[in-house]
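Trainee: Give me coordinates for this.
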Amino acid sequence: LQSKLQVVLEEERLKNTATLSRVEWCGHHIPVDNDKVRLVILHAKDVAANLEQLAEADPEFEEYEDVYFDLMARYDDAQQLVERDIANVSKVTLKADEVKLQMELLRSFIKSSKLVHTIRKNSALIEVYTGRWRKQQQGFGSDGSARPVRATDIVKLHDTLLQNLTDALNLQGADGDMQYQSRHKFKLGAFSAARCLYVAEALFARNQFAEACAVYERG
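Mentor: I've put the predicted structure just below:
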């Protein structure tokens, strides 16, 4: 039964490839001419829908991680196909530069789609870890299911998330969408400020009180 269902889903995706002629991103209407890329993007949409159903789950749960890494693999496959097409664009082909630009924008769309879910996952991890850390500060300690959380762990998570946001801002073709830019810059500022708190807490834990106070003041 499961194999028959997979066949039906695959047939449906193949039908839908004809309708996925272009994607919209940051004000760009980007053609998707490669059928293999279309199919992989549709696969990714299905997996992303499965991940949405786990939105309230702990991002460290095995089921969430399995679906998340499956989604990342789909986007990686799509990106590799597009990069291969970019490399194969002939310089002597009419309008080669224009075709290449559209392919580069398609690559940015795929990277952005990937970053949306990565940012969401890392934001959720920060929420989980800060929750555990606060309980520890209140004297509840670890429940035994996970190791104690240190302020440095939360700092590292913020570093990763800030890099994700920076990558999203620097994507080719994203600079003309002011709403996109404002949204990501706001998050960048908010998480940068939150990071300062945990940098200071990490310094306090090492009895570096003067340095911790300096970080608080800068934050």
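Trainee: by contact count, what packs against the strand or helix carrying A190?
Mentor: Per DSSP states H and E, A190 falls inside helix 178-205. If contacts are counted by 3 or more CB pairs under 8 Å, 6 or more residues apart in numbering; DSSP states H and E, helix 178-205 sits against helix 96-137, helix 151-169, helix 209-218. Where C-beta positions appear, they are placed from N, C-alpha and C, glycine not excepted.
Trainee: Give me the helices and strands touching the longest one, please.
Mentor: Here helix 96-137 is seen to pack against strand 22-25, strand 28-31, helix 35-52, helix 62-88, helix 151-169, helix 178-205 when contacts are counted using 3+ CB pairs under 8 Å, 6+ apart.
Trainee: Go again with 6 Å.
Mentor: strand 28-31, helix 62-88, helix 151-169 (3 or more CB pairs under 6 Å, 6 or more residues apart in numbering; DSSP states H and E).
Trainee: Now R74. Nearest residue, chain neighbours left out?
Mentor: Spatial nearest neighbour of R74, excluding adjacent residues (CB to CB, 6 or more residues apart in numbering): A44 at 3.9 Å.
Trainee: Low-confidence ranges, the chain, go.
Mentor: The chain contains residues with pLDDT under 70 at 1-19, 90-94, 141-146, 219.
Trainee: Could you say which one of the helices and strands packed on helix 178-205 comes nearest to D35?
Mentor: helix 96-137 (13.6 Å; CB to CB).
Trainee: how far away is F204 from G27?
Mentor: For F204, the distance to G27 equals 46 Å [CB to CB, to the nearest Å].
Trainee: of these two, who's got more company?
Mentor: Ranked by neighbour count (other CB atoms under 10 Å), F204 and G27 place F204 first, with 16 against 12.
Trainee: That one: what's its closest spatial neighbour, skipping adjacent residues?
Mentor: A212 (4.7 Å).
Trainee: My read is that that neighbour contacts A202, right?
Mentor: No. A212 is beyond contact range of A202, at 8.2 Å (criterion: CB atoms under 6 Å).
Trainee: Please name the residues that touch C26.
Mentor: Contacts for C26 (CB atoms under 6 Å, 6 or more residues apart in numbering) come out as 173-174, 177, 180.
Trainee: run the last query once more with 10 Å
Mentor: When the contact criterion is CB atoms under 10 Å, 6 or more residues apart in numbering, the partners of C26 are 105, 108-109, 112, 171-181.
Trainee: This completes my enquiry, with thanks.
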